[in-house]
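*Asks:* compute the structure for the input listed below.
(one chain, ligands or ions: 3)
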Amino acid sequence: MKDLSKLPPLDSECKTLFINHMGLFTQGKDDWLEYSYKMEKLFARQRLCCITDEDKKKIFLAAMGAKSIKMAKAAVRPKSLEDVSITYEVLVESIEKYLYPKRDEAFYIKKFTMRTQWPGESFFHYVGALRKIIPNCRFSKKNQPSKLRNQIVSGIGESLKETINPNSVSLSQLFEVGLKWDKSINPEAPPRKRNHKAKINRVPKCFRCSVALSEHADEPCSFEWAVCSSCKVKGHLSIACKYKDIACNKCQGVGHVTKICKAK
Ligand SMILES: [Zn+2]
Ligand SMILES: [Zn+2]
Ligand SMILES: [Zn+2]
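*Replies:* Ligands and ions are numbered 1, 2, ... in the order given. Predicted coordinates for the structure are as follows:
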C-alpha cells in the first residue's frame, strides 16, 4: 500500500487509494465489523495529515457502491446522509445497528476480540474502547478483568508489546506500563479547551488513573479494576496513589506503605 499520510486528505488520489485499499463494501458479502475496523485502522494511520471527521465521512461515502449508499441511507433514516448530525461516527454506528439488528453476546464478543489498538491510538483510548464493549459481552463479573487483560495483551501495538511479558503481566501492571507508554509517545497533553481562569499546572486529575479528568469526557474511568502496587488498595493505580512518594517507615523505601513492606 502507498503511504496515504503523504497526501492531502481530500486529494482525489487519496480517495482512490482508500478505495483501492478497502474495496467497495458489499452488503451480504462483506462483514461490516471487519470492514469498519479495517477502515478505522486506515484512517488512524492517516492521522498525520489531520483528517477530519467530515473528511472521513466524505471519503467513506465516496468509497461505497450505489447499493451500499442505499443501505446507508436506510440506516440513518429518517435523517438524510447530508444531515450535519450524521457525523462519520454516527454513520458507522447507524450502519452497525442496521446490519445487525440483533446484536447479541456473540456479536459483541467478536467485536471485543477483533478490537486491536489502532496505529497512533493512545493506550488510554484503547482501554476505554474495550471497556465500552465489555458489558455487552456478558462475561461473568468475575471474568471481566481477565478477559480485558488478555485482549489488551494480544491487541496492543508492537512497540508497547515489546515492553511487557505477555505470560506474567497483570492487568494493573499493564495499565501502569500502558499509561507510561502514552506519556513517552505524547509527553505533552493534547490541547484542550482551556478555562482562562484555571491555572495551567492545576489540571484536575482522575483519582484512579491520574490522567487529566477532561480526558475522561464525563465517562467513568476505564482503570477501576486496578489494584495499586503501592498500597494494595483496589480501584486506583500506583501512579495515582497518594502514598507513592511517601517513604516507608520500616525500610525507608519510597513507593509503598509500611503495611505491605516486604523488608524484614
Ligand atoms: Zn481515570
Ligand atoms: Zn495506592
Ligand atoms: Zn518498606
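
*Asks:* just give me the neighbour total for the nearest residue to residue 138 once chain neighbours are set aside.
*Replies:* In space, and not counting its chain neighbours, residue 138 is closest to residue 105: 4.6 Å by Cβ to Cβ, 6 or more residues apart in numbering. C-beta coordinates here come from the backbone N, C-alpha and C atoms, glycine included. Neighbour count of residue 105, defined by other Cβ atoms under 10 Å: 12.

*Asks:* do the same with the one 3 residues further on
*Replies:* The number of residues packed near residue 108 is 18, by other Cβ under 10 Å.

*Asks:* that one reaches residue 132, doesn't it?
*Replies:* No: with contacts counted by Cβ atoms under 8 Å, residue 108 stays clear of residue 132, the gap being 10.2 Å.

*Asks:* tell me the residues of this protein that contact ligand 1?
*Replies:* 206, 208, 209, 221 (Cβ under 5 Å from the ion).

*Asks:* which residues are in contact with the last one?
*Replies:* The neighbours of residue 221, taking Cβ atoms under 8 Å, 6 or more residues apart in numbering as the test, are 206, 208, 209.

*Asks:* all helices of the protein, in order?
*Replies:* 12-22, 32-45, 53-63, 66-76, 88-99, 105-114, 123-133, 144-155, 158-161, 171-185, 213-216 (DSSP state H).

*Asks:* dump the fourth one to PDB, restricted to CA.
*Replies:* Extracted C-alpha coordinates of helix 66-76, given in PDB (Å, rounded to 0.1, in the frame of the first residue of the first chain):
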ATOM      1  CA  ALA A  66     -24.500   2.600  -5.200                       C
ATOM      2  CA  LYS A  67     -26.100  -0.300  -3.400                       C
ATOM      3  CA  SER A  68     -24.300   0.400  -0.200                       C
ATOM      4  CA  ILE A  69     -25.300   4.100  -0.400                       C
ATOM      5  CA  LYS A  70     -28.900   2.900  -0.500                       C
ATOM      6  CA  MET A  71     -28.200   0.800   2.600                       C
ATOM      7  CA  ALA A  72     -26.500   3.700   4.400                       C
ATOM      8  CA  LYS A  73     -29.500   5.900   3.500                       C
ATOM      9  CA  ALA A  74     -31.800   3.400   5.100                       C
ATOM     10  CA  ALA A  75     -29.600   3.100   8.100                       C
ATOM     11  CA  VAL A  76     -29.800   6.800   9.000                       C
END
